[in-house]
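Colleague: Sharing a model prediction with you, sequence too.
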Amino acid sequence: MKEKIGNDAGLVWKVLDEEGTKSVKELKKATKLTDKGIYAAIGWLAREEKLAFHQEEDEWFLSLAVN
């Protein structure tokens, strides 16, 4: 399971690296991950401090964190 989440996190990171800021909905569509898969991947990357988050109304947007 840990390996799958890590692989999914890699997919999310790649999309954000290549395409820039995306909503969670856009990331889900681009990666073709399930709800559980996308949120697990986001959690993985957030824990590693790889993501920046901002909210517009009721929608969350993610981008790669600048460290």
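Modeller: Nice, I can see it.
Colleague: how much space between D58 and L45?
Modeller: As for D58, its distance to L45 is 22 Å (criterion: Cβ to Cβ, to the nearest Å). In this view, the C-beta of every residue, glycine as well, is placed from N, C-alpha and C.
Colleague: all helices for this structure, in order.
Modeller: Remark: helices assigned in the chain by DSSP state H are 2-19, 24-31, 35-47.
Colleague: Now tabulate the ones you listed in JSON lines and tack on mean neighbour count, distance to F53 and mean pLDDT.
Modeller: Converted to JSON lines, these look like this (neighbours: other Cβ atoms under 10 Å; distance: least, Cβ to Cβ, whole Å; pLDDT from 0 to 100):
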{"stretch": "helix 2-19", "mean neighbour count": "15", "distance to F53": "12", "mean pLDDT": "96"}
{"stretch": "helix 24-31", "mean neighbour count": "17", "distance to F53": "10", "mean pLDDT": "96"}
{"stretch": "helix 35-47", "mean neighbour count": "17", "distance to F53": "8", "mean pLDDT": "97"}
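Colleague: Can you add distance to S63 and give these back as TSV?
Modeller: What follows is these, written out as TSV (distance: least, Cβ to Cβ, whole Å):
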stretch	distance to S63
helix 2-19	6
helix 24-31	11
helix 35-47	11
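Colleague: now for those helices, which one comes closest to L64?
Modeller: helix 2-19 (5.0 Å; Cβ to Cβ).
Colleague: how distant is that closest one from the center of its chain?
Modeller: 7 Å (Cα atoms, centre = their mean, to the nearest Å).
Colleague: Would you mind giving the orientation angle of that helix with respect to helix 35-47?
Modeller: Between helix 2-19 and helix 35-47, the angle comes out at 80 degrees (axes from the mean of the first three to the mean of the last three Cα atoms, to 10 degrees).
Colleague: beta partners of S63?
Modeller: Per DSSP bridges, the residues bridged to S63 are A52.
Colleague: quick one: the nearest residue to L62 once chain neighbours are set aside from L33, how far?
Modeller: Leaving aside its sequence neighbours, L62 sits nearest to L51 (Cβ to Cβ, 6 or more residues apart in numbering; 5.3 Å). Look at L51 and L33: by Cβ to Cβ, they are 15 Å apart.
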